[in-house]
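*Asks:* turn this into a model:
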Amino acid sequence: MECSFRSSYLLPRRPSLLLGDSQFPAKLRSSKLKGSNLVNRLVIKNACGFGENGSVNGSPITPNKVFMEEAIGAEYGEGFESFRPNGLLKVDVDFLNNRLQEGFLKRIRYAMKPDEAYGLIFSWDNVVADTRSLKLNAWKQLASEEGKEIPEDSDVQRLMLYAGADHVLRKLLLWETSESELDRLKSRLSQLYYDNLLKLRKPVEGLEEWLDAVSTSRIPCAVVSSLDRKNMVEALEGMGIKKYFQAIVTEEDGMESMAHRLLSAAMKLDRKPSKCVVFEDDPRGVTAAHNCTMMAVALIGAYPAYDLEQADLAVGSFNELSVINLRRLFAHRGSDFMDLQKQIVEKAPPRRRITTDTIF
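*Replies:* Presented below is the predicted three-dimensional model:
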């Protein structure tokens, strides 16, 4: 079958990265696909005419990651693999921090306008949109359709928001179902979630004003999520904030952990991970940001402040932020902060003996 490749969303679009769009052969041989990872399959899926929202002939793929606890990732600075014509390209934290060094002209520009050197990365869940209420409403609607009830216990409901759908149905709600029935319930749950998602008209309180402030300072922004691209874009347009985001990382990018999404966003923003600030509400997201050498600003709400003490800054809402806060986050960092330095030990010159000849 003839397949014409389009540029992968994983690869940066700006030529300064030296990782620009590549030309791929028109025909694929199955032998080249053996051993390929998820990223390879996503590239081929986009190339062969599948929809940008991950659909096949208009039928959406079930977004299991929406109701799943994701891996943190990059515990040892590892990244992801991107498919290239000459093989796999391994992209990790050190690779991006080294490759995305500012050139001479950029250093001059950032010296005059330091705010532009930063990149802001926003998590979708509970940072851009109130997804807690969306997920809980989806569970309640599903229970109503099935003639069942959702426990009123707050701890159980909190587990429902962050645990996988399989675990919730079998262990928390104790709905005895077969495998086929379980798949049907998960598919219906995802459909209810997306129906509620597209009805959103307002982002989290204070977010739009904050995005407008950083946009005035010309700081690029990205949003990351496990949603598919089509629904993500529609939701952002419905809330009227899509214009503020220069990059979007979604399910189609093939990232397998929270940290990998952050690294992909840094690539798309053309900013070093060490110059990025992540906005999260989850302690696991804060850990993922630090694993990527990024700063983390935590929003208190889904978790109390004492659970977010590892964040570099914790705020109750975006209304408490100003651009000066970003500068203070990096105030303790020099240009070579945390870089390994070799200490040059010089031998002390020999002491000169003072004699009568040297005095007179």
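
*Asks:* only C-alpha atoms from now on, for both contacts and neighbour counts.
*Replies:* Will do.

*Asks:* isn't residue 122 right next to residue 224, touching?
*Replies:* Yes: in terms of CA atoms under 8 Å, residue 122 counts as a neighbour of residue 224; the distance is 6.3 Å.

*Asks:* residue 302 versus residue 320, what's the distance?
*Replies:* Between residue 320 and residue 302 the distance, using CA to CA, to the nearest Å, works out to 17 Å.

*Asks:* please apply the same query to residue 116.
*Replies:* When CA to CA is applied, the distance between residue 116 and residue 302 equals 30 Å.

*Asks:* between those two, which has more neighbouring residues?
*Replies:* Regarding residue 116 and residue 302, a neighbour count based on other CA atoms under 10 Å identifies residue 116 as having more, with 18 against 13.

*Asks:* ok but that one is inside a strand, no?
*Replies:* No: assessed with DSSP: H, G, I helix; E, B strand; the rest coil, residue 116 is helix; it does not lie in a strand.

*Asks:* I'd say it and residue 219 touch.
*Replies:* Yes: taking contacts as CA under 8 Å, residue 116 lies within contact range of residue 219: 4.9 Å.

*Asks:* pull stretch 203-219 out as CSV, backbone CA atoms only.
*Replies:* Coordinates of the C-alpha atoms in stretch 203-219 are reproduced here as CSV (Å, rounded to 0.1, in the frame of the first residue of the first chain):
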residue,chain,number,x,y,z
PRO,A,203,-10.7,27.5,31.8
VAL,A,204,-9.5,27.3,35.4
GLU,A,205,-9.9,30.6,37.2
GLY,A,206,-7.2,33.2,36.5
LEU,A,207,-5.6,31.1,33.7
GLU,A,208,-6.7,33.3,30.8
GLU,A,209,-5.4,36.5,32.5
TRP,A,210,-2.1,34.8,33.3
LEU,A,211,-1.7,33.5,29.7
ASP,A,212,-2.4,37.1,28.4
ALA,A,213,0.3,38.4,30.7
VAL,A,214,3.0,35.9,29.6
SER,A,215,1.9,36.4,26.0
THR,A,216,2.6,40.1,26.4
SER,A,217,6.1,39.2,27.6
ARG,A,218,6.5,36.9,24.6
ILE,A,219,7.0,33.8,26.6
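
*Asks:* could I get the buried residue list for that stretch?
*Replies:* 203, 207-208, 210-211, 214-215, 219 (16 or more other CA atoms under 10 Å).

*Asks:* three-state assignment of residue 296?
*Replies:* When classified by three-state DSSP, residue 296 comes out as strand.
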